[in-house]
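>>> All I have is the shape, not the residue letters:
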């Protein structure tokens, strides 16, 4: 809790990942991937409940062992390739209110595929958002990208064309205005605004800049190997 506001950290973890099968429970630097997100949620001094929503009993059992609250298995219709994370969030909030009489003022989304969180990232983001609640309804972690939009190209038949022709085409990287990508360290929003706008990119959204080494996510085996190497290098893990 922070300033009297109750905080739910929600970790979505489908069992049917395609890019890297069973990625959410693959061991990485000593524990299952999802356990890294559960652990950071539990280390927060502001988060009241760390909940995992999954359709997989195997993931549920591992998440419970890591300390997460897993009171249900997500219905199959909310765990397909085309299912929305926001539908899963609505289902979880409704379950907690109806079955456990729990409501929350803020929702923190922790993507298990982004384990490169520092211990105080979640709390710093919550303090920034709650401290500026009069001006902002959500906050998203972002990292500066190396692949600037001005150098990205599209294939148009045999032609190679600028993807964003409206941007100035520069030859030196440092001549470009910094561009940022939203990485899944955390997405946080006021619950009522999240449900009304159905997005963490609310009309009044602010940002939290993460460090360069955190600009990596696990979508396939290459991302997994990359993040594993970063963990070993930055955090001195084996």
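Here it is on my side, so go on. Predicted model, so just to flag it, every value in this text is computed and none were measured.
>>> could you point out where this protein is predicted with low confidence?
171 (pLDDT under 70).
>>> Now with 50, please.
Residues of the chain meeting the criterion pLDDT under 50: none.
>>> could you pull out the strands for it?
7-12, 27-28, 31-32, 49-53, 106-109, 138-144, 153-156, 159-162, 180-190, 205-209 (DSSP state E).
>>> any idea which residue sits dead centre in the chain?
residue 184 (2.9 Å; Cα atoms, centre = their mean).
>>> so what's the nearest residue to residue 15 once chain neighbours are set aside up against?
In this structure, residue 15 finds its nearest non-sequential neighbour in residue 56, 2.9 Å apart by Cβ to Cβ, 6 or more residues apart in numbering. C-beta coordinates here come from the backbone N, C-alpha and C atoms, glycine included. Shown in contact with residue 56 (Cβ atoms under 8 Å, 6 or more residues apart in numbering): 13-15, 73.
>>> Is it possible to mark the buried ones in those?
Buried subset of those (neighbour count, 16 or more other Cβ atoms under 10 Å): 13-15.
>>> Among those, name the ones in helices.
With helices taken from DSSP state H, there is no overlap with these.
>>> Closest one to residue 198 out of those residues, please.
residue 14 (19.3 Å; Cβ to Cβ).
>>> OK, contacts around the closest one?
24, 54-56, 74, 79, 83.
>>> can you redo the residues you listed as TSV with distance to residue 144?
Output for the contacts of residue 14, formatted as TSV (distance: Cβ to Cβ, whole Å):
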residue	distance to residue 144
24	28
54	32
55	35
56	35
74	34
79	33
83	31
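>>> Quick check: PyMOL command selecting the buried ones in the residues you listed.
Buried members of these, identified by 16+ other Cβ under 10 Å, are gathered into one PyMOL selection as follows:
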select buried, resi 24+54+55+56+74+79+83
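>>> The contacts of residue 14: which two are farthest apart?
Once Cβ to Cβ is applied, the contacts of residue 14 give 24 and 83 as the farthest pair, at 15.1 Å.
>>> Between the buried ones among the contacts of residue 56, which sits nearest residue 232?
Among the buried ones among the contacts of residue 56, and counting by Cβ to Cβ, the member closest to residue 232 is residue 13, at 23.5 Å.
>>> Quick one: residues contacting that closest one.
24, 34, 52-54, 56, 59, 63, 112.
>>> related to what we said a few turns ago, just send the strands of the chain back as a markdown table, with distance to residue 132 too.
Shown next, in a markdown table, are these (distance: least, Cβ to Cβ, whole Å):
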| stretch | distance to residue 132 |
| --- | --- |
| strand 7-12 | 16 |
| strand 27-28 | 34 |
| strand 31-32 | 34 |
| strand 49-53 | 24 |
| strand 106-109 | 13 |
| strand 138-144 | 9 |
| strand 153-156 | 38 |
| strand 159-162 | 36 |
| strand 180-190 | 12 |
| strand 205-209 | 7 |
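>>> Residue 97: which of those strands is closest?
From these, taking Cβ to Cβ, the stretch that ends up closest is strand 7-12, at 10.9 Å.
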